[in-house]
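next input, structure requested:
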Amino acid sequence: MIRQLLHRGKVIKHYLVRIGANPSDAEEIVQDTLLKGITHIDSIKPAKFMSWLFKVATHKYYDLYRKETRRGKTAPIELLSFVNESSPEDHYLQKEKSLGVKELLNRIPQKYKQMLILKYDLGLSYDEISRLLNVKTERVKTDLYRARNMFKKMYEGERQDEQ
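Sure thing, here's the model as predicted:
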């Protein structure tokens, strides 16, 4: 059980970093979330435990982000590290492309951003996302369709602006 909880913590941390938390904040949020999960484990249905953990962690991140925004700080978006780069130019181009994608993701509504990250970054299936978010699978498919279309239109608009 502890291994499963630690694995879930890693998945949640990765998700938090992808939606904008810095790694140290994400680690702290995960620790708080797992502690809360352990204390409430008897009152949560096992089938809904992972989605409950994700919701708690996401709410804790939003609370932290709101506090930082009030103080004039913003939650930094950490860059991905790319391992198999062949040259500094490739690394720079990949980094620039990653920043562009992150900027576009930050401009779409949060629920669509969340769906895209869960599906394409974490690689979750429609069923896993529906269980995680406690919504019907059809809703996940619809929201992902809308999110992809919105992202595609924004991406194509950006490319046309560059030309």
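
tell me how many other residues surround residue 32.
13 (other C-beta atoms under 10 Å). In short, each C-beta sits where N, CA and C put it, glycine included.

what's the average pLDDT for the helix ranked longest in the chain?
The longest helix of the chain (DSSP state H) is helix 137-162. For helix 137-162, the mean per-residue pLDDT is 85.

now for it, which elements pack on it?
helix 88-107, helix 110-116, helix 126-133 (3 or more C-beta pairs under 8 Å, 6 or more residues apart in numbering; DSSP states H and E).

do that again at 6 Å, thanks
Secondary-structure packing of helix 137-162 (3 or more C-beta pairs under 6 Å, 6 or more residues apart in numbering; DSSP states H and E): helix 110-116, helix 126-133.

name the residues of the shortest one that come out as buried.
Within helix 110-116, the residues that count as buried by 16 or more other C-beta atoms under 10 Å are 112-116.

same deal with the longest one?
By neighbour count on 16+ other C-beta under 10 Å, the buried set for helix 126-133 is 126, 128-133.

reformat those as TSV; add pLDDT and distance to residue 27.
As requested, the buried residues of helix 126-133 are exported to TSV (pLDDT from 0 to 100; distance: C-beta to C-beta, whole Å):
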residue	pLDDT	distance to residue 27
126	91	29
128	85	23
129	88	24
130	88	28
131	85	25
132	83	21
133	84	23
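
returning to that earlier point: for the buried residues of helix 110-116, which one is nearest residue 154?
residue 112 (10.8 Å; C-beta to C-beta).
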